[in-house]
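> Structure for the following, please:
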Amino acid sequence: MDDNLHSPQRRLIELRIEHGDLDGLIDRVALERPLDELSLRRLKKRRLALRDLIVTLELRLTPPESA
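Now for the predicted structure:
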């Protein structure tokens with residue numbers, strides 16, 4: 001069971017959830033209340049970094065296609 005807690009698949013799920021949460025937060029903050037531009041840029045930069053991590057992990061987990 002401990003192996004499942006630290007598996008790459010679980011990490012991928014966690015990253016996708018965090019990315020989705022951050023995406024929703026950015027949308028809500030942009031609509032509900034003014035936020036200083038620096039904070040908004042930081043949120044967007046973190047979201048992009050998460051997306052890059054997700055793509056990297058997906059590529060590692062996807063077996064190469066046979067020719």
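> So what's the residue count around residue 50?
Look at residue 50: counted by other CB atoms under 10 Å, it has 19 neighbours. Every C-beta, even on glycine, is put in place using the N, C-alpha and C of the backbone.
> how close does the closest residue to it other than its chain neighbours get to residue 8?
What sits nearest to residue 50 in space, not counting adjacent residues and going by CB to CB, 6 or more residues apart in numbering, is residue 19, at 4.4 Å. Applying CB to CB, to the nearest Å, the value for residue 19 to residue 8 is 16 Å.
> which of those two has more neighbours?
Remark: of residue 19 and residue 8, residue 19 carries more neighbours, 18 against 11, as counted by other CB under 10 Å.
> Name the surrounding residues that touch stretch 60-67.
8, 9, 12 (CB atoms under 8 Å, 6 or more residues apart in numbering).
> Was I right to think the last one contacts residue 56?
No. Here residue 12 lies out of contact with residue 56, judged by CB atoms under 8 Å, at a distance of 9.9 Å.
> In terms of neighbours, single out the busier of those two.
residue 12 (17 against 12).
> and that one, what does it touch?
54, 57, 58, 61.
> Please identify the helix or strand for it.
helix 8-32 (DSSP states H and E).
> Report the buried residues of that helix.
12, 15, 19, 22, 26 (16 or more other CB atoms under 10 Å).
> between those, which is nearest residue 46?
residue 22 (6.3 Å; CB to CB).
> Point out where the protein drops to low pLDDT.
Within the chain, the segments meeting pLDDT under 70 span 1-3, 33-35, 66-67.
> how about 80 then?
1-5, 30-36, 63-67 (pLDDT under 80).
> The residue nearest to residue 50 touches residue 51, doesn't it?
Yes. Using CB under 8 Å, residue 19 is in contact with residue 51, at 6.2 Å.
> Now tabulate the contacts of stretch 60-67 in CSV and tack on distance to residue 47.
Below are the contacts of stretch 60-67 laid out as CSV (distance: CB to CB, whole Å):
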residue, distance to residue 47
8, 21
9, 22
12, 16
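> Closest to residue 42 out of the residues you listed?
For the contacts of stretch 60-67, the minimum distance to residue 42 (CB to CB) is 23.6 Å, reached by residue 12.
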